[in-house]
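**Q** quick one, what's the 3D model for this:
(2 chains)
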Amino acid sequence: MALFTQNAQSSASGQKRQRSRRRVEESSERTLVSPLMLKRPAGRVIYWTVFALLLVSTLITFGPLYWMFSSALKSSIEIFQSPPTFWPLHPAWNNYASAWNVLQYPLYFGNTLILAVGAVVLQLLVSATAAFALSKLRPAGKGIIQFVFFSTLMVPPVVYLIPQFVNISDLPLIHVSLINNWAGVWLPEAASALNILILKSFFDTIPTELTDAARLDGANGWQMFSRIILPLSRPALAVVTIFTVVASWKDFLWPLLVLSNPDLQPLSVAIFHEAGINSNYPLPFNYLMAGLVLASIPPILLFLLFQRQIIRGVNLTGLKG
Amino acid sequence: MERSSPSPSSLLPQEPSRPRRDARVEKSVSQGERQALRKARLFFRRNLGGYLFLLPALVIFAFFVWYPLVLGFTISFQNVDMINPAVWVGWTNYRRVFSDPLFGIAWRNTLAFTGYALLFGYFVPIVLALLINEMRHGKGLFRLAFYLPVMLPPIVTAFLWLWLYNADSGLINALLHVVHLPGGLWLENQGTALPALVVVATWGAAGSTMLIYLAALQGVPASLYEAAEIDGSNLWQRIWHVTLPTIRPIMLLLLVLQIIATMQVFTEPFTITGGGPANATMTVLILIYNYTFQNADFGEASALGVILFLVLAVFALIYMRMTSRLMQGD
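**A** Coordinates of the predicted model:
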């Protein structure tokens, strides 16, 4: 968050931005340890020792992932062998195919995807329009409205989890129930003050001269928004999109409460129901592991593809992910 | 930012038919009213576009943030089971929550979880980021390795660790066996279940904090290191007097954020241990869940939610003070 303020502030004026960019470049040449120190033999020994230690400690994350992947290849007898085998004796690759079928992966993958796409569309629509109004149109009472939005950043949604559930089972005024409806997941998610904050701060860096010039040429608000602000904001929109997809993919508690109909559930809820402690017909363990691998592949691919945007986004928000 | 944009912010394209109709209206009203009308019209024209753009967000926030927030306070004073109509019951829900023996247990576990999470997880990302930032090779690989768990769905992380902790065929006991150490019933033992869950949560979240620290370290000015070096400081002194003071604001901020986040722990205990063994991993949020979906007692659940809200609000206020510059916007 603080970083984000820094970013927003430094990019507010061009001068400051240049200074901070220079600072980043300098620091990439020089960190805590001076280049001179690294040239000395002792420095080199220490450097490579630390490097080796870090390399070994990556096993803390790669190890469990490997265990998940290899357990999925074991037979249902071998997987419960004690002590376990570190590599399956007869790798059963068709466990993955079986898990795909038993878990009804296409159905739940599709549901997860629909939930993610809906979340992206709705959140972008709601956040970008509000951020544009706050940043460029600045209607009267903007300060209050902004405060009212951003103060919700301080209220974690779990504190109104139960009232939210009561709320969506009978919405005020229109008396519609969103239980067992994808909208029941989409709409509460769409109220994201963080997205408004990210987009507003980015829109603030777009010179007002651009929108002013457009206004003189007779452009209305919508044209300014869709033809100038949005095309110039692709990096920020990309960050918001990726983080919305990731958050939607990781979401568990809320879809668990709202979507009790198995045909609508996302992958994480379906896995919980089919394998959880409460499940009546627990999934064979090797299938469960294969299912977990299958559920991890899309987010991992997403990370590999959009690593730069995600790292940028983490630095921007400091919160999500 | 205010300075940079003295924009007249009139947005709506003027409709040609408008002035004529207005002129007709103006004839029939007195001088003072005419002025007020003109002012109102001007205000309208200046701001309507802005309000229209804000409308979707305002509607969504009203329905799905502000209303449920208020509803939470109201329901906590009502008897709500979603079948019969709500009845006002005063402080009854709160009294019942406080007299529930699980209340104390849940809070103690939640606070213990938060404490362990700070102990296990607060310094790890800082140390990792410090080390990785010094690396001239493999930075990308390290970043990938430590961030990867953050991308996994929590349910995957939970079930994966359930399997790793397995007493007979789990990886952890197998590794302990290799180095001739006794294994354990990590999740079945009341003493180890909660710390075991903290390990899971830390494993799944530390990478994200590490990335933030990595970015913060990029912001430490190289000139400070050089100056410190010329003054004859050694590596530790540079860390202590240059690096840490520079990233301290972010360290404090992430401390508060971590406390807020870990006090809401749900997925790990809910999916891995189900609150057991013998309520050793029963947290406040699981208790709220049980009130709601086992007892169908929404009032009691909301009362506990309000209490959780008040506790978190203390930390939220600290957080707000830290980011107050941000909140005031421009």
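**Q** which non-adjacent residue is nearest B:Ile126?
**A** Nearest non-adjacent residue to B:Ile126, counting by C-beta to C-beta, 6 or more residues apart in numbering or on different chains: B:Tyr213, 5.7 Å away. For the C-beta atoms, the positions are set from N, CA and C on the backbone; glycine is no exception.
**Q** how many neighbours does the one you found have?
**A** 21 (other C-beta atoms under 10 Å in any protein chain shown).
**Q** low-confidence regions, the chain specifically.
**A** Picked chain A for this. Counting by pLDDT under 70, the ranges of chain A that qualify are A:1-29, A:276-281, A:315-321.
**Q** wait, I meant chain B there
**A** B:1-29, B:324-330.
**Q** point me to the residue of it nearest chain A.
**A** Residue of chain B nearest chain A, by C-beta to the nearest C-beta: B:Gly50 (2.8 Å).
**Q** that residue: neighbour count?
**A** 25.
**Q** please give the element, helix or strand, for it.
**A** Per DSSP states H and E: B:Gly50 is located in helix B:31-61.
**Q** check contacts around residue 103.
**A** Picking chain A for this. Counting by C-beta atoms under 8 Å, 6 or more residues apart in numbering or on different chains, A:Leu103 makes contact with A:270-271, A:274, A:283, A:287, A:291, A:294.
**Q** the chain in question should be chain B.
**A** Shown in contact with B:Phe103 (C-beta under 8 Å, 6+ apart): B:97, B:287, B:304.
**Q** surely the first one and B:Ala303 touch.
**A** This points to B:Val97. Yes - B:Val97 is within contact range of B:Ala303, at 5.0 Å (criterion: C-beta atoms under 8 Å).
**Q** before we move on, the earlier item: from the contacts of A:Leu103, which is closest to A:Ile242?
**A** A:Leu294 (20.8 Å; C-beta to C-beta).
**Q** tell me which stretches of the stretch 151-300 of chain B form strands.
**A** Using DSSP state E, counting those that start in this stretch, no strands are found in the stretch 151-300 of chain B.
**Q** quick one: the helices in it, in order.
**A** B:154-164, B:171-178, B:190-218, B:222-230, B:235-238, B:244-262, B:267-268, B:284-293, B:298-322 (DSSP state H, counting those that start in this stretch).
**Q** make a markdown table from the contacts of B:Phe103 and add neighbour count and distance to B:Ile260 to it.
**A** Below are the contacts of B:Phe103 laid out as a markdown table (neighbours: other C-beta atoms under 10 Å in any protein chain shown; distance: C-beta to C-beta, whole Å):
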| residue | neighbour count | distance to B:Ile260 |
| --- | --- | --- |
| B:Val97 | 24 | 21 |
| B:Leu287 | 25 | 18 |
| B:Leu304 | 28 | 17 |
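**Q** between those residues, which is closest to A:Pro106?
**A** For those, the nearest to A:Pro106 is B:Leu287 (37.0 Å; C-beta to C-beta).
**Q** neighbours around A:Ala97, how many?
**A** A:Ala97 has 12 nearby residues by other C-beta under 10 Å.
**Q** hmm, I was thinking of A:Phe225
**A** Count around A:Phe225 with other C-beta under 10 Å applied: 21.
**Q** which of the helices or strands spans the nearest residue to it once chain neighbours are set aside?
**A** Closest residue to A:Phe225 apart from its sequence neighbours, by C-beta to C-beta, 6+ apart: A:Phe132 at 5.1 Å. Assessed by DSSP H and E, A:Phe132 sits inside helix A:105-132.
**Q** name the helices or strands packed onto that helix?
**A** Packing contacts for helix A:105-132, counted by 3 or more C-beta pairs under 8 Å, 6 or more residues apart in numbering or on different chains; DSSP states H and E, involve helix A:183-190, helix A:193-204, helix A:234-250, helix A:267-275, helix A:285-305, helix B:31-61.
**Q** check which residues of the helix or strand that that helix is followed by are buried.
**A** Once the chain leaves helix A:105-132, the next helix or strand it forms, by DSSP H and E, is helix A:142-150. Neighbour counts over helix A:142-150 (16 or more other C-beta atoms under 10 Å in any protein chain shown) mark A:142, A:145-146, A:148-150 as buried.
**Q** and the angle for helix A:142-150 with helix A:105-132?
**A** Between helix A:142-150 and helix A:105-132, the angle comes out at 160 degrees (axes from the mean of the first three to the mean of the last three C-alpha atoms, to 10 degrees).
**Q** now find how far off-centre helix A:142-150 is within its chain.
**A** 25 Å (C-alpha atoms, centre = their mean, to the nearest Å).
**Q** convert that helix to PDB, retaining C-alpha atoms only.
**A** The C-alpha trace of helix A:142-150 is given here as PDB (Å, rounded to 0.1, in the frame of the first residue of the first chain):
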ATOM      1  CA  LYS A 142     -16.000  13.800  -4.800                       C
ATOM      2  CA  GLY A 143     -14.100  13.900  -1.600                       C
ATOM      3  CA  ILE A 144     -16.900  12.400   0.400                       C
ATOM      4  CA  ILE A 145     -17.700   9.700  -2.200                       C
ATOM      5  CA  GLN A 146     -14.100   8.800  -2.400                       C
ATOM      6  CA  PHE A 147     -13.800   8.500   1.400                       C
ATOM      7  CA  VAL A 148     -16.900   6.300   1.500                       C
ATOM      8  CA  PHE A 149     -15.500   4.000  -1.100                       C
ATOM      9  CA  PHE A 150     -12.000   3.800   0.300                       C
END
